[in-house]
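Peer 1: Model the following, please.
(chains A and B)
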Protein chains: 2
Amino acid sequence: MDKVSHHDRIPAEQKPNGLARLSLSRVLIDTYHENVAYMHRDNPVYRAEGFKALSKVAVRIDGRSILATLNVVEDNSIVTCAKLGLSKSAFTQLGAIEGDTVTVSQAEPPESIGALHRKLAGERLGLDEFTAIVQDIAEHRYSKIEMTAFVVATHRNELDREEVYFLTQAMVTAGSRLDWHENLVVDKHCIGGIPGNRTSMLVVPIVAAHGMLCPKTSSRAITSPAGTADTMEVLANVELPVERLNSIVREHRACLAWGGTAHLSPADDVLISVERPLSLDSPGQMVASILSKKVAAGSTHLVLDIPIGPSAKVRSMQEAQRLRRLFEYVAHRMKLSLDVVITDGRQPIGWGIGPVLEARDVMRVLENDPRAPMDLRQKALRLAGRLIEADPDVRGGDGFAIARDILDSGRALSKMNDIIQAQGSKGFDHNHPQLGALSFEVRAPASGVVSGFDNFQLARIARFAGAPMVKNAGVDLQFKLGDKVDEGEVLYRVYASFSADLEFARQASLRSSGVSLGRAEDVPHVFVEF
Amino acid sequence: MDKVSHHDRIPAEQKPNGLARLSLSRVLIDTYHENVAYMHRDNPVYRAEGFKALSKVAVRIDGRSILATLNVVEDNSIVTCAKLGLSKSAFTQLGAIEGDTVTVSQAEPPESIGALHRKLAGERLGLDEFTAIVQDIAEHRYSKIEMTAFVVATHRNELDREEVYFLTQAMVTAGSRLDWHENLVVDKHCIGGIPGNRTSMLVVPIVAAHGMLCPKTSSRAITSPAGTADTMEVLANVELPVERLNSIVREHRACLAWGGTAHLSPADDVLISVERPLSLDSPGQMVASILSKKVAAGSTHLVLDIPIGPSAKVRSMQEAQRLRRLFEYVAHRMKLSLDVVITDGRQPIGWGIGPVLEARDVMRVLENDPRAPMDLRQKALRLAGRLIEADPDVRGGDGFAIARDILDSGRALSKMNDIIQAQGSKGFDHNHPQLGALSFEVRAPASGVVSGFDNFQLARIARFAGAPMVKNAGVDLQFKLGDKVDEGEVLYRVYASFSADLEFARQASLRSSGVSLGRAEDVPHVFVEF
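Peer 2: Below is the predicted model of the structure:
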């Protein structure tokens, strides 16, 4: 196993002071949040120090140091025998330039590894231990293997609710935290999984038009066909410098931007590099990830949307209630005012799935266009109403009517246009959206009632069609649950810009269309607040 | 997060049939059991397929295929835009040559990932599920992230004992299995952690001299200063082709070789690439790892040594008994006859720690040299005695005397010399062992009784001194537990071949010598079978 041990050792004179010195070179491999050091197998230092592949090394220059996982190389064009290669991000982190002389030594594991092992052994950790682990992760001192061990060890019910609070607090501590110097900073969030659920792009202009501060930052799609940032990007720039965002928020009380530039809860961004390939979803990690970002962004009031449905992330009221209690416990400890709403997640929201199609739906709601999807309008008004009731001057129960008035009067559209202009308009014309030039239709194989939607399958078809990378690709639905269709009627259209994408999407829709037809009594019931 | 989504897409015409074709090149990076595919960020295929860093791709040629984790590269000297790079082992596995045209596509996760997720969710898995997971791991279809998730999810008490049996059986199924066509094939194994514990090199010649078949394969040191393979290599070649080993075993009834060439329980060799950096040790994985190798090697009878002591892997009799029961349950299900012995692990066995020093001790026992360490002799005789009692013609209780007779008569030495000659002698002269030219002594800071040894610290000092890579480096003890020492007497000598190594070892021994002095009543008691 340890073939390395066969190499002869080089004389010790080449190792002054027991610390090897090497000149740096940059290796342009995207190691995705893992610091990697590349050393040639014939590098005298490699042989002398008894390094092993995947072991940790410490790289130091001028009092600064990073930890990196060692990869052994046998090709001089990647790194020569006399140098130490560092992956791009490791290079940046060390703050060095090519040719700088660094010292390399075997690294002890990061200090928090002891706490990780206690968690692996099933122990309960305290705030200090979570803080140490999360800090080490945020500063790239964990290898992918160590991060995976942490993610799996804190998966499922391995964390009690106080530990989830500790993890949330640790994630906030490890990053920057915004302070808007106002008593009321509102936000909304959905735990995801429902295609087309673009309520943020309606709630933000409505509550901002009511005068509330709503500096909304969103993520891009990770596994879905469109995130709020992807969809907003159809209308305006979303990648803005922090100072520019601040001035937009000061002027317009709101923004709709991508959250990646603000260094809020950075450990979360690093952990996702192992969570995504594993498709792991655990309640504790979800709560810590969502609430740490909100608290770091300076929010004081949050409305959280938990959709339930047979193909939603959460499938039963019992599960939703358990998740709600966990969110509420942690939010209370974090001094964040939280209002959880459990919503209907049986089907996509609106008609379109994919950035351009969803942007079209959003703009139609804002313009009170008769073609606007009523479910998207209704859900956005209810969520906005809840947030508006955080205003001490609004009576409980009045929020919905205020939100509706703001939307119907055109004040929400006007606020949205201000935001679009401020962030830099892309000139999107929702009356003539440029959809993908290639398309196909999926038709009803028989007459009946639309009795079910498979959110996962519809998302998959939209992704195969190219969304979110291809903004104008996606799925445009023609029916909702309970609607009657005749044999041969179009259930949905799929748009793509590339024939291979179209073919992938077609094959996926042939395997399963994602729409079930049956009788009216087959439509699944769902008992939700709204 | 998903910066990839910003790239423009290239026209679909470059993707005939939805499968991208690229010419192969080899990337000489040691990815340590992980298949990695390297693609240039400007490779049209990368951009068209919407690949993401760390996502899985399937690489196919002539009906063969492998899965690989994608690394994105920005340097033409690593891989050009028109090619697909593969890490060395992935290259070999695909059975391709440079310049071959392969197709690349996004890969579905390996089939057994569903079973992995069930385990992550806390479910119990069946034999078929373990078989599928272990087969995928053995065939390099798991990424490091997925392997870590498996290792952590099956860590600790996450596996019940029947699942440990399933895992063991799955590990055997995934590799080759030797059949010696004899009713009795004996082996011994120690769970490790005690420096100097080289009983295998005595037990094997003793039982082979008794006529038993004992085809012993061992591992190299992973975290210790010497494994049996490292120490045997001082005396003879240990890396032999399978056919050569077979003929040696047929002629001499035994061998003492490195087990890495035989493809026995290959999943275990792959999993170690994540277990080692994590330093994870879990009972279920230990049992499956050890017993799968023994069953795959064709053993029918095994004596297993579990040492207990304050600085051994197992620290209490209760823990040892729990481990014993797990070993016995799984061995019974695997139809392997198992005899567990719980032994004294309070201190190193023999005098030397490090390959040459341990080989010296072993040869002195075989030669009945008065300088031979009595504890090593005694332990080896007891273990050999237990194995000899597996012989149906030997009466229970007679094994020890038979083993002693074989050793005292010189028949064990003669058998060992046959094995050494057959494997290829290195001409080691144990009367004049070539120890490292550099050395220092650690002396008693006060008079007293040797009241404790820290096995970990002594192993660490020997490793800093260069063992096992530097064969003649290590620690040579001068005392045993309970011995009286005077102030200034030499407790042990440290040998090294390189001054930096010597310095590292000296610093480690200054932090803690690994030897405690006290009163006679401070010596820890241990209640063991022998």
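Peer 1: Can you list phi and psi of the closest residue to chain B within the stretch 301-450 of chain A for me?
Peer 2: Proximity of the stretch 301-450 of chain A to chain B (CB to the nearest CB) peaks at A:Leu438, 8.7 Å away. To be clear about C-beta, it is placed using only N, CA and C from the backbone, and glycine gets the same treatment. When quoted as degrees, to the nearest 10, the phi and psi of A:Leu438 stand at phi -100, psi 140.
Peer 1: A:Arg244 now?
Peer 2: Here is the backbone geometry of A:Arg244 (degrees, to the nearest 10): phi -70, psi -40.
Peer 1: same question, A:Ala496
Peer 2: Here is the backbone geometry of A:Ala496 (degrees, to the nearest 10): phi -150, psi 160.
Peer 1: Mind telling me what element the residue lying closest to it once chain neighbours are set aside is part of?
Peer 2: Once flanking residues are discounted, A:Ala496 sits nearest to A:Leu502: 4.0 Å by CB to CB, 6 or more residues apart in numbering or on different chains. Assigned by DSSP states H and E, A:Leu502 belongs to helix A:499-511.
Peer 1: Contacts only, for the residue nearest to A:Ala496.
Peer 2: Neighbour list for A:Leu502: A:Leu438, A:Ser439, A:Phe440, A:Ala465, A:Val494, A:Ala496 [criterion: CB atoms under 8 Å, 6 or more residues apart in numbering or on different chains].
Peer 1: With neighbour count and pLDDT added, can I get the residues you listed in CSV?
Peer 2: Below are the contacts of A:Leu502 laid out as CSV (neighbours: other CB atoms under 10 Å in any protein chain shown; pLDDT from 0 to 100):
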residue, neighbour count, pLDDT
A:Leu438, 19, 96
A:Ser439, 15, 97
A:Phe440, 16, 98
A:Ala465, 31, 91
A:Val494, 28, 98
A:Ala496, 29, 94
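Peer 1: Which of those sits closest to B:Ile402?
Peer 2: Relative to B:Ile402, the closest of the contacts of A:Leu502 is A:Ala465; by CB to CB it sits at 76.4 Å.
Peer 1: show me the contacts for the closest residue to A:Ile61 other than its chain neighbours.
Peer 2: Nearest residue to A:Ile61 in three dimensions, chain neighbours excluded: A:Val102, at 4.7 Å (CB to CB, 6+ apart). A:Val102 is in contact with A:Arg21, A:Leu22, A:Ser23, A:Leu24, A:Val59, A:Arg60, A:Ile61, A:Leu84, A:Leu94, A:Ala96, counting by CB under 8 Å, 6+ apart.
Peer 1: at 10 Å what do you get?
Peer 2: Taking CB atoms under 10 Å, 6 or more residues apart in numbering or on different chains, we find A:Val102 in contact with A:19-24, A:37, A:58-62, A:64-66, A:83-84, A:86, A:94, A:96.
Peer 1: Run through the residues of the stretch 251-400 of chain A sitting next to chain B.
Peer 2: Taking CB under 10 Å from any CB of the partner chain as the measure of proximity, the stretch 251-400 of chain A contacts chain B at A:258-260, A:268-269, A:272-280, A:282, A:355.
Peer 1: hmm, try it at 6 Å
Peer 2: Neighbours of chain B within the stretch 251-400 of chain A, by CB under 6 Å from any CB of the partner chain: A:Gly260, A:Val274, A:Pro277, A:Leu278.
Peer 1: Scan these and report the most crowded one.
Peer 2: Within these, A:Val274 tops the neighbour count with 29 neighbours, counted by other CB atoms under 10 Å in any protein chain shown.
Peer 1: ok, now which ones touch A:Val57?
Peer 2: The contact partners of A:Val57, by CB atoms under 6 Å, 6 or more residues apart in numbering or on different chains, come to A:Ala37, A:Ala68, A:Leu70, A:Val104, A:Ala107.
Peer 1: Help me confirm that the second one is found in a strand?
Peer 2: Yes - note on A:Ala68: a strand contains this position according to DSSP: H, G, I helix; E, B strand; the rest coil.
Peer 1: isn't it right up against A:Phe91?
Peer 2: No - under the criterion of CB atoms under 6 Å, A:Ala68 makes no contact with A:Phe91, lying 10.1 Å away.
Peer 1: ok, back up a step: identify each buried residue in the helix or strand following the helix holding A:Leu502, please.
Peer 2: Using DSSP H and E, the helix or strand that follows helix A:499-511 in sequence is strand A:515-518. Using 16 or more other CB atoms under 10 Å in any protein chain shown as the test for burial, strand A:515-518 gives A:Val515, A:Ser516, A:Leu517.
Peer 1: Stretch A:179-198 too?
Peer 2: A:180, A:184-198.
Peer 1: Please apply the same query to stretch A:29-48.
Peer 2: A:29-41, A:43-48.
Peer 1: can you tell me which of the residues you listed are up against chain B?
Peer 2: A:Ile29, A:Asp30, A:Tyr32.
Peer 1: Shouldn't the last one be within a strand?
Peer 2: No - using three-state DSSP, the secondary structure at A:Tyr32 is coil, not a strand.
Peer 1: I'd guessed it sits against A:Val274; true?
Peer 2: No - counting by CB under 6 Å, A:Tyr32 stays clear of A:Val274, with 9.4 Å between them.
Peer 1: rewinding a little: A:Ala68 and A:Phe91: who's more crowded?
Peer 2: A:Ala68 (27 against 22).
Peer 1: Name the residues linked to that one by a beta bridge.
Peer 2: With DSSP bridges as the criterion, A:Ala68 is bridged to A:Val57.
Peer 1: Name all residues that make contact with it.
Peer 2: Taking CB under 6 Å, 6+ apart, we find A:Ala68 in contact with A:Asn35, A:Val36, A:Ala37, A:Val57, A:Val59, A:Ala90.
Peer 1: Now, those that are in strands?
Peer 2: If you go by DSSP state E, these have A:Val36, A:Ala37, A:Val57, A:Val59 in strands.
Peer 1: Chain neighbours aside, what residue packs nearest to the second one?
Peer 2: Once its chain neighbours are removed from consideration, A:Ala37 has its nearest residue in A:Ala68; the separation is 3.9 Å (CB to CB, 6+ apart).
Peer 1: next one: the first one
Peer 2: If the residues on either side of it in the chain are set aside, A:Val36 comes closest to A:Ser87, at 4.3 Å by CB to CB, 6+ apart.
Peer 1: Look up phi and psi at the residue of the stretch 401-530 of chain A found nearest chain B.
Peer 2: Distances between the stretch 401-530 of chain A and chain B by CB to the nearest CB are smallest at A:Phe498, namely 3.5 Å. Backbone geometry at A:Phe498, expressed as degrees, to the nearest 10, gives phi -130, psi 140.
Peer 1: what number of residues lie near it?
Peer 2: 24.
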